[in-house]
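A.B. asks: need a structure here:
(2 chains, ligands or ions: 2)
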Number of protein chains: 2
Amino acid sequence: MTYSISIEQSKQLKTKPADETLGFGKYYTDHMFILDYTAEQGWHSPRIIPYQPISLDPAAKIFHYGQSVFEGLKAYRAEDGRLLLFRPDRNFKRLNISNARLSIPALDEQFALEALIKLLEVDQDWIPHSEGTSLYIRPFVIATESALGVAPSLEYKFMIILSPVGSYYAEGIHPVKIYVEPGYVRAVTGGVGNAKTAGNYAAGLKAQEEATEKGYSQVLWLDGVHKKFIEEVGSMNVFFKINGTVITPVLNGSILEGITRSSILELLEHMNIPVEQRQLSMEEVYQAYQDGTLEEAFGTGTAAVISPIGELNWRDEKIIIQEGRTGELAATLYHTLTSIQHGRIEGPAGWVVEIPQLKKA
Amino acid sequence: MTYSISIEQSKQLKTKPADETLGFGKYYTDHMFILDYTAEQGWHSPRIIPYQPISLDPAAKIFHYGQSVFEGLKAYRAEDGRLLLFRPDRNFKRLNISNARLSIPALDEQFALEALIKLLEVDQDWIPHSEGTSLYIRPFVIATESALGVAPSLEYKFMIILSPVGSYYAEGIHPVKIYVEPGYVRAVTGGVGNAKTAGNYAAGLKAQEEATEKGYSQVLWLDGVHKKFIEEVGSMNVFFKINGTVITPVLNGSILEGITRSSILELLEHMNIPVEQRQLSMEEVYQAYQDGTLEEAFGTGTAAVISPIGELNWRDEKIIIQEGRTGELAATLYHTLTSIQHGRIEGPAGWVVEIPQLKKA
Ligand SMILES: Cc1ncc(COP(=O)(O)O)c(C=O)c1O
Ligand SMILES: Cc1ncc(COP(=O)(O)O)c(C=O)c1O
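C.D. replies: Ligands and ions are numbered 1, 2, ... in the order given. Model (predicted):
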């Protein structure tokens, strides 16, 4: 496609929030990117415009049938002043995998990445400076046709919004307590669990709420068929180190293929640590715990990068891992991956993409 | 709650489409109802306003995490001029069941029904006159808080929109061909299949598309665990008459409790026809077909009321039912239920609710 992106500069720039107050997904930058789709014109009219509300008919399909997909990645400010993205091509590739599953027309991945980089150029001052902060990037597609028949929409909007986010570990990396969900199910083989689509997150809210009430910060999902095999955590993939080997659930169609997961797998291989992608039951994890061979457990995802797991509650048994402290492998991986993301050390070719910077007047 | 509903009349009424051109969910009436929710104020500010686009922040949770529920029911114009609703209390009850599953604050069911009746009073001229037509009613709740953290929204909108719809059976009731889906799964026990929430419909689009390509109008979903037991059709519950007994899948947490389903069950009981609500495998249906005891099959739902099934495609075997014609029981039930809905015969107490009519100037 040979698109040209129109840019309408915001007349009144917002005051940027202080880095300490950022939190997650509370503030949005001055601009956003939009691309429209109609059955006749395909994807068209790419534009960067001031961040603003969008106006939709109450019968727009997104409100009724949840036909939507999204992505999440981050832009980092390196110590040497460069502005960096981490494997953004992977996010747009995954967005198209999600699109295909949700009967949404494919996007031009290369163009979507160009649009993101253009938007980041315009809003580059929004990438925060403090250690651990970043600019969270949310590309998403929503079905906008106004029609109540249950069928794929004939109209869509692809948008990118940006949100400066605080450090996930303001007080240093610390382990989380996780509740192994015995009843609720997030996704099942044959469903949409491997797509990043709205309904998967709606389906997890209730279990998450109940886990929070019990004092756990996240839910570990088990497979929907046997309620036995480990799937993933809320918005993280999950890894266990048992007797020297790192095990992560194999991609089975019901979990998301995390970009952090893929990156960690590559790093582990590089470090010559034995890795297995396979079915893993809670039974096996519990047995390892009893035998004293459960060495570490951690989640991986864009938000936290690595999130060590200090406790798992399974059938009211508390499985305490590393005495509730961060394990050595988790710490090393966190350090390595964040160092690559922030340009302190060099990662594999193509992992880090630099955002061109505008000359300041 | 003691709310008073404000009404802002539309200054420019739309031209109503001709009954023959209505179709489904393409036209909307002159007004809509909105009720807002904030954590501080609860549900508040009920209002009827001109039908218009709504404006939402691009970070509104509905766009990203699909936290939403909806309902579907119809208003009918009786031959004697009365305006009728069919069991609307059931829809608002089910809306609250869906709300609870999706971590959405409950609505006052009684008030929601009052609001609907008030809206119908205002837009009563939109209830079409021709045989088989009706006014489709779509109550829905969407999460509107602008925040990217995955957690229940702190803000919502409950809305009701109305859409005049054409006759489902313009050319007389006719059987449909249905594809028994072998791979894709809509919902699983522990998931959100028994809630009327957006993600369930998004999850079904792909299978529906593929079935359409194969020449089938709908998908019959099997259970997500064994891919063996019959669940429901796209937006219908399903019934089989085998050897004189009517069998419908039992409510197991992964199918919707249809209001037409409940009503049909009551009618069957009244007719002294043996009914079973239980697990039913495709194997059993196929066996009955082979034995010659598969007498009828039909779907039930608000849109079609009764939809006879003339053919099921299971593992590429074509199961032809009633030689592809409408069975006697389906025809009788269709006739009885539509007669009750249109006020031609009297149904059980409370099934039909009359909408007050404004005196015309
Ligand atoms: C369900 C789910 N699993 C896993 C992940 C981790 O994926 P990634 O590493 O690409 O952020 C996410 C977050 O994006 C997610 O939402
Ligand atoms: C998934 C699903 N099942 C069944 C039904 C039938 O329910 P009802 O009879 O209340 O219309 C519907 C339609 O509302 C539906 O969406």
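A.B. asks: only C-alpha atoms for contact and neighbour calcs from this point on.
C.D. replies: Noted.
A.B. asks: A:Glu131 - how many residues pack around it?
C.D. replies: When neighbours are defined as other Cα atoms under 10 Å in any protein chain shown, A:Glu131 has 16 of them.
A.B. asks: that one in helix, strand or coil?
C.D. replies: With DSSP: H, G, I helix; E, B strand; the rest coil as the basis, the three-state label of A:Glu131 is coil.
A.B. asks: could you report the pLDDT at it?
C.D. replies: Predicted confidence (pLDDT) for A:Glu131: 88.
A.B. asks: and the closest residue to it other than its chain neighbours, how far from A:Gln357?
C.D. replies: Closest residue in space to A:Glu131, ignoring its immediate chain neighbours: A:Ser167 at 7.1 Å, by Cα to Cα, 6 or more residues apart in numbering or on different chains. Distance, A:Ser167 to A:Gln357, using Cα to Cα, to the nearest Å: 23 Å.
A.B. asks: try A:Glu20
C.D. replies: Plainly put, A:Glu20 is 25 Å away from A:Gln357 if you go by Cα to Cα.
A.B. asks: also A:Leu220?
C.D. replies: In terms of Cα to Cα, A:Leu220 sits 41 Å off from A:Gln357.
A.B. asks: the two: which is more packed in?
C.D. replies: For A:Leu220 versus A:Gln357, neighbours defined as other Cα under 10 Å are more numerous around A:Leu220 (26 against 14).
A.B. asks: contacts for the one helix or strand that one maps to, please.
C.D. replies: A:Leu220 belongs to strand A:218-222 when assigned by DSSP states H and E. For strand A:218-222, the external contacting residues (Cα atoms under 8 Å, 6 or more residues apart in numbering or on different chains) are A:176-182, A:185-186, A:207-208, A:211-212, A:228-234.
A.B. asks: show me the residues you listed that map onto strands.
C.D. replies: A:176-180, A:230-233 (DSSP state E).
A.B. asks: could you pull out the strands for the stretch 51-200 of chain A?
C.D. replies: Using DSSP state E, counting those that start in this stretch, the strands of the stretch 51-200 of chain A run over A:54-56, A:68-70, A:73-77, A:83-86, A:134-143, A:155-165, A:176-180.
A.B. asks: identify the bridge partners of A:Glu317.
C.D. replies: With DSSP bridges as the criterion, A:Glu317 is bridged to A:Trp314.
A.B. asks: returning to what we had before: I'd like the strands of the stretch 51-200 of chain A laid out as TSV, including distance to chain B.
C.D. replies: Listed next are the strands of the stretch 51-200 of chain A as TSV, based on distance: least, Cα to the nearest Cα, whole Å:
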stretch	distance to chain B
strand A:54-56	4
strand A:68-70	7
strand A:73-77	13
strand A:83-86	20
strand A:134-143	7
strand A:155-165	8
strand A:176-180	14
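A.B. asks: deepest-packed of the ones you listed, please.
C.D. replies: Between the strands of the stretch 51-200 of chain A, strand A:68-70 has the highest mean count of neighbours, a mean of 29, where neighbours are mean count of other Cα atoms under 10 Å in any protein chain shown.
A.B. asks: for that one, name the packing helices and strands.
C.D. replies: helix A:88-101, strand A:134-143, helix A:198-202, helix B:61-65 (3 or more Cα pairs under 8 Å, 6 or more residues apart in numbering or on different chains; DSSP states H and E).
A.B. asks: residues contacting that strand, please?
C.D. replies: A:62, A:95, A:98-99, A:102, A:104, A:138-143, A:195-198, B:63-64, B:202.
A.B. asks: ok, stretch A:5-21 next?
C.D. replies: Counting by Cα under 8 Å, 6+ apart, residues outside stretch A:5-21 touching it are A:27, A:29-31, A:45-51, A:115, A:126, A:128-130, A:133, A:165-166.
A.B. asks: so where's the stretch 101-250 of chain A uncertain?
C.D. replies: Applying pLDDT under 70 to the stretch 101-250 of chain A flags no residue at all.
A.B. asks: contact residues of it facing chain B?
C.D. replies: Applying Cα under 8 Å from any Cα of the partner chain, one finds that the stretch 101-250 of chain A approaches chain B through A:101-103, A:140, A:142, A:146-152, A:161, A:183-192, A:197-203, A:205-206, A:208-209, A:224-226.
A.B. asks: same thing but at 7 Å, please
C.D. replies: A:101-103, A:142, A:147-149, A:151-152, A:183-186, A:188, A:190-192, A:198-199, A:201-203, A:205-206, A:224-225 (Cα under 7 Å from any Cα of the partner chain).
A.B. asks: if we can go back for a sec, could you export the ones in strands among the contacts of strand A:218-222 as CSV, including distance to B:Ile306?
C.D. replies: Below are the ones in strands among the contacts of strand A:218-222 laid out as CSV (distance: Cα to Cα, whole Å):
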residue, distance to B:Ile306
A:Val176, 52
A:Lys177, 50
A:Ile178, 47
A:Tyr179, 44
A:Val180, 42
A:Ile230, 42
A:Glu231, 40
A:Glu232, 41
A:Val233, 42
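A.B. asks: does A:Ile62 really touch A:Ala143, like I thought?
C.D. replies: Yes - here A:Ile62 reaches A:Ala143: they are 5.0 Å apart, a contact under Cα atoms under 7 Å.
A.B. asks: how close does A:Leu280 get to A:Thr248?
C.D. replies: 7 Å.
A.B. asks: er, A:Gly215 actually
C.D. replies: Noted for A:Gly215: a distance of 25 Å to A:Thr248, by Cα to Cα.
A.B. asks: who's more crowded, these two?
C.D. replies: A:Thr248 (25 against 11).
A.B. asks: which ones are touching that one?
C.D. replies: A:Thr248 makes contacts with A:238-240, A:276-278, as judged by Cα atoms under 7 Å, 6 or more residues apart in numbering or on different chains.
A.B. asks: and the residue of chain A nearest ligand 2?
C.D. replies: A:Val150 (9.2 Å; Cα to the nearest ligand atom).
A.B. asks: that older thread, which ones among the contacts of stretch A:5-21 map onto helices?
C.D. replies: A:Ala115 (DSSP state H).
A.B. asks: what subset of the contacts of stretch A:5-21 is buried?
C.D. replies: For the contacts of stretch A:5-21, a neighbour count by 16 or more other Cα atoms under 10 Å in any protein chain shown gives the buried set as A:27, A:29-31, A:46-51, A:115, A:126, A:128-129, A:133, A:165-166.
A.B. asks: just to revisit the earlier point, can you narrow the contacts of strand A:218-222 down to the ones near ligand 1?
C.D. replies: When contact is defined as Cα under 6 Å from any ligand atom, the contacts of strand A:218-222 meet ligand 1 at A:Gly234.
A.B. asks: what angle do the strand holding A:Leu220 and strand A:176-180 make?
C.D. replies: Angle of strand A:218-222 versus strand A:176-180, following axes from the mean of the first three to the mean of the last three Cα atoms, to 10 degrees, is 40 degrees.
A.B. asks: which residue packs closest to A:Ile320, ignoring adjacent ones?
C.D. replies: Ranked by Cα to Cα, 6+ apart and with sequence neighbours excluded, the top spatial neighbour of A:Ile320 is A:Glu311, at 4.6 Å.
A.B. asks: the one you found belongs to a strand?
C.D. replies: Yes - secondary structure assignment (three-state DSSP) places A:Glu311 inside a strand.
A.B. asks: need the residues that contact stretch A:169-184.
C.D. replies: Stretch A:169-184 has contacts (Cα under 7 Å, 6+ apart) with A:207, A:211, A:216-222, A:307-314, A:324-326, B:190-191.
A.B. asks: how long is that stretch end to end?
C.D. replies: This stretch, stretch A:169-184, spans 29 Å end to end (Cα to Cα).
A.B. asks: returning to that earlier point: tell me the most buried of the helices and strands packed on strand A:68-70?
C.D. replies: Scoring the helices and strands packed on strand A:68-70 by mean count of other Cα under 10 Å, the most buried comes out as helix B:61-65, with a mean of 29.
A.B. asks: and it, what does it pack onto?
C.D. replies: helix A:198-202, strand B:134-143 (3 or more Cα pairs under 7 Å, 6 or more residues apart in numbering or on different chains; DSSP states H and E).
A.B. asks: and that helix, how far from the chain's centre?
C.D. replies: 23 Å (Cα atoms, centre = their mean, to the nearest Å).
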